[in-house]
Structures are given as C-alpha cells and as structure tokens.
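I'd like to go over a predicted model; first the sequence, then the structure.
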Amino acid sequence: MASRPETGTVHLADDRRDLVVRFPYSQFLVDEVKAIAGRKWDPARKEWRVPAYQADAVFAAFAKHNFNFAPEITMIMAGTLAVPGKDEYRATAAAEDGGDDPNAATPEDGTSNGDSTGS
C-alpha cells in the first residue's frame with residue numbers, strides 16, 4: 001500500500017513560543033486551523049502561527065491529514081520539551097505589544113485577529 005503524500009508541515013518556531021503550520025491553500029484546512037484558539041495568520045510568511053501550548057489541538061486537527069510534524073511537537077505533547085503556558089504566553093505577548101495588562105483577553109473566535117483565508 002502506497003503512503004499518502006504529505007499535506008502540510010508543523011514545526012516549532014525559532015522563538016519556541018509558536019508552532020508554525022504550513023500547507024497549500026485548502027479552505028477545509030483553513031477552517032481546521034481557525035478552530036484552534038490563539039491562532040494567527042502571518043501574511044508576510046504565508047503561514048499560520050499557533051501558541052505552542054496548543055500542540056495537542058494542532059496534532060488532533062492535522063495528523064489525520066497526513067501532516068509532517070517535526071520531532072519537537074511530540075516532545076511538547078509528551079511534556080519533555082517545555083514551552084510557555086497560556087498565562088505566560090499572554091503576558092509575553094502583551095509586553096511585546098506594549099500593553100500592560102497580561103491578563104487581557106485575546107480574541108479566540110477569529111473576529112478580530114487579522115485572519116486571512118490563505119495558507
């Protein structure tokens with residue numbers, strides 16, 4: 001039985017805060033990634049960025065589509081590679097954005113974080 005071709009890739013970004021999700025355009029896959037809280041479309045790089053603490057959700061959404069996962073993704077899921085948790089991630093993001101409220105809510109429903117229907 002021949003293996004299915006790879007659909008997309010997921011790896012840990014250099015900042016070790018985000019997972020980088022890349023795939024050829026497919027509205028179905030765009031809808032899958034939009035269902036993950038905290039995701040953002042990076043139009044300059046044409047890739048999705050998802051907080052690394054969402055590794056389980058990313059794996060659940062994309063493993064069934066034959067994505068290639070870098071080894072560090074399973075290490076995050078197993079707890080052998082530490083990444084910022086939700087609170088630490090938000091605090092760091094608020095500081096980078098010049099905000100002073102690390103507990104400020106971030107949009108998770110896709111209504112105002114610059115989503116595009118790109119891949």
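Received the coordinates, thanks.

Nearest residue to the middle of the chain?
Residue closest to the mean C-alpha point of the chain, counted by CA atoms, centre = their mean, is V50 at 1.9 Å.

That residue contacts G38, correct?
Yes. In this structure V50 lies within contact range of G38 using CB atoms under 8 Å: 6.4 Å. C-beta coordinates here come from the backbone N, C-alpha and C atoms, glycine included.

one step back: and the residue nearest to the centre of the chain, which of the three is it?
Under DSSP: H, G, I helix; E, B strand; the rest coil, V50 falls in the strand class.

which of the residues in the helix or strand bottoming out on mean pLDDT in the chain are buried?
Among the helices and strands of the chain, helix 86-96 carries the lowest confidence by mean pLDDT, DSSP states H and E, at a mean of 80. Neighbour counts over helix 86-96 (16 or more other CB atoms under 10 Å) mark 89-91, 93-94 as buried.

same question, stretch 13-31
Within stretch 13-31, the residues that count as buried by 16+ other CB under 10 Å are 17-21, 23, 29-30.

what's that stretch in contact with?
Here stretch 13-31 makes contact (CB atoms under 8 Å, 6 or more residues apart in numbering) with 7-12, 33, 39, 46-52, 54-55, 58, 62, 65, 67, 73, 83-84, 89, 92, 117-119.

how about 6 Å then?
Stretch 13-31 is contacted from outside by 7-11, 33, 47-50, 52, 58, 84, 117, 119, using CB atoms under 6 Å, 6 or more residues apart in numbering.
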